Every structure is written in structure tokens, then in C-alpha cells.
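Asks: below are the sequence and a predicted model; questions follow.
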Amino acid sequence: MTTPDSAKMGNYPDLAGKTAVVTGGSRGIGAATAAALARNGVAVAVVGRDQAALDGVVAGINDAGGRAMAAAADCTSQSDLDRLHTQVLDQFGAVDIVIAFAGGYGQPVRSTEETAEHWRHVVDSDLTATFLTISAFLPDLIVHRGTAVTMASSSARQATPASAAYAAAKAGVASMTRHLAKELAPQGVRINCVSPATIEHERMRRFMSDEQRQHLLAGFPLGRLGAPDDVASAALFLASGASSWITGITLDIAGGSVMP
């Protein structure tokens, strides 16, 4: 079964000329989303903590004729995000789209082995970082009647091997998204959430045996693992005017493994 390519993601002319910030943009889903936005004429600030990886993503976008800048920032830091806001304003102007995808740390940790330090780190990295990112750019979004897309996880929708901290943080992202969407709708701001299941990446392919992969595949009715472009295409739609009457939803991108 094939995965999406750029031609299948759709073309959204209303996005041309807008400015987006994509956190978690140095690789994987964030990088794919940044590239998808750029192909639609969006100037993209690609944000992460790995400067070399960010530079590679931005070079790929610019070489393809897009407009992008790399900005290293820790999204759990208010001062980093304030500095990021100033950088983006100086280079691209006010922001219309916020893609708050920074986070991770979904590795299994048994609750009997959970530590307070790990719990706080995961909640800060996934939930607090998402709120602080949206908060930093909220004045722009209100002025421009902009959009934001957050990221939860299938771990927030059903029990998985991920840690309780990760499940709680991602459930918090989905709940916070609904709250913000209701609060900000009168001001024309739309906020939605994507909720991926297993997304296949290079590291997974390198370390997973064929037997492990087949076992994992059995949990997906559509018969394949997810790809970064699967999530990027959904984020692109939610950022565009094609979804102009959609706000406050959590969209499961899960190959049929989550059917609420």
C-alpha cells in the first residue's frame, strides 16, 4: 500500500503569502509539515533544538523554491519563545499559522518505575510547551484570524505501552485544544488537534525486526504503518480555508486503530 506524496496532499491557494511557525520541525512529522506548507506558498519558520537538522530541513525547502528560516528554541522556555516571536516578525512578519508539534518522549515506562522528574519532563515537553507556543503567537493569531494545529497521540485516546505521563500530557493537549477553540472562536481563531498512532521513521526501520514490524502491523486495519506525510496532509487541511468551519476537533490519524 502506498503512502501520500506531495501531489496527493492537495493544493490550498488560500495559504499562499501566509506565515507559519512549525515547532518540532527538525525531523519527522514537523519537517514534513513545514515542507508541505512551503509548497503551498507559506513562509515557514522551522523550530527545534537541533540546529544542524533544522538547517537541513530549511535548505531542502529553499532549494525547492520555498521560503523558510531555521530557529533554534526550547519550547518549554518562555524567553526562547519570546525571542522566536521577535525573530519571525523581523524576517517574515506576523504569524498566521502555528503548528505546535514539539514534544515526544512516548517511550514505555512502567508506572511502578515512574519518577517525579520524568513525569514533569514529559508533561513540560508535551503539554506545557504546546500551551506556551500558542500563547506566544496568540496576539498574531487574533489579529489575523489565524489557525493553530496541536498534536496529541493515540496514547491519549486508548491505553498503549507509552508511559502514563505521556498519555496524560497528550490527553491534556487534546482537552486544551478544545478549550482554546471554544474561547477563541468569537475572535475568528481556529484551533484543532491531530492525533497520530505509530508513525514509521528511519530509526524505527533500522532497529525493528521484520517479526516486530509484522506484529505491529496487525493492529492497523488499513494494513500499513503511518508516514509523516499522513499527518502533514491533515495539518495542511486544518491550516487552510478548506476547514474554515472546523474547530476544536481531535483528528485521529491512526490507520483504523482508533475508532471513537
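Replies: Good, I have the coordinates.
Asks: now the strands for the stretch 51-200 of the chain?
Replies: 67-72, 97-100, 147-151, 190-196 (DSSP state E, counting those that start in this stretch).
Asks: in its sheet, what does the longest one sit against?
Replies: Strand 190-196 has its sheet partners listed here by DSSP bridges as strand 147-151 (parallel), strand 250-253 (parallel).
Asks: give me the residues contacting the shortest one.
Replies: Strand 250-253 is contacted from outside by 152, 154, 157, 174, 177-178, 192-197, 226, 230-231, 234, 238, 258-260, using C-beta atoms under 8 Å, 6 or more residues apart in numbering. (C-beta placed from N, C-alpha, C; glycine too.)
Asks: center of the chain, which residue is that?
Replies: Centroid-nearest residue in the chain: residue 101, 2.9 Å away (criterion: C-alpha atoms, centre = their mean).
Asks: quick one on the thing from earlier: would you turn the strands paired with strand 190-196 into CSV with mean neighbour count, mean pLDDT and distance to residue 164?
Replies: Conversion of the strands paired with strand 190-196 to CSV gives the following (neighbours: other C-beta atoms under 10 Å; pLDDT from 0 to 100; distance: least, C-beta to C-beta, whole Å):
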stretch, mean neighbour count, mean pLDDT, distance to residue 164
strand 147-151, 29, 98, 19
strand 250-253, 21, 96, 19
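Asks: and these as JSON lines, adding distance to residue 43?
Replies: Shown next, in JSON lines, are those (distance: least, C-beta to C-beta, whole Å):
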{"stretch": "strand 147-151", "distance to residue 43": "15"}
{"stretch": "strand 250-253", "distance to residue 43": "25"}
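Asks: so which of the strands of the stretch 51-200 of the chain gets nearest residue 129?
Replies: With C-beta to C-beta, the closest approach to residue 129 among the strands of the stretch 51-200 of the chain belongs to strand 97-100: 7.6 Å.
Asks: show me where this protein has helices.
Replies: In the chain, the segments counted as helices under DSSP state H are 28-39, 51-63, 78-92, 116-123, 129-144, 164-184, 202-207, 210-217, 228-239.
Asks: any idea which of the ones you listed is most buried?
Replies: helix 28-39 (a mean of 26; mean count of other C-beta atoms under 10 Å).
Asks: which residues does that one contact?
Replies: The contact list for helix 28-39 (C-beta under 8 Å, 6+ apart) reads 6, 9, 15, 20, 22-25, 44, 46, 48, 57, 60-61, 64, 66-68, 97, 99, 101-102, 151, 196, 199, 201, 228-229, 231-233, 235-236, 239.
Asks: switch the cut-off to 6 Å
Replies: Outside helix 28-39, the residues that touch it by C-beta atoms under 6 Å, 6 or more residues apart in numbering are 6, 9, 20, 22, 24-25, 44, 46, 57, 61, 66, 68, 99, 101, 201, 228-229, 231-232, 235-236.
Asks: try stretch 146-156
Replies: Stretch 146-156 is contacted by residues 96-101, 130, 134, 162, 166-167, 170-171, 173-174, 177, 190-195, 197, 235, 238-239, 250, 254, 258 when judged by C-beta under 6 Å, 6+ apart.
Asks: before we move on, what about stretch 91-108?
Replies: In this structure, residues lying in contact with stretch 91-108 by C-beta under 6 Å, 6+ apart are 18-24, 30, 33, 43, 69, 75, 122, 125-126, 129-130, 133-134, 137, 140, 144, 146-151, 161-162, 166, 235, 239.
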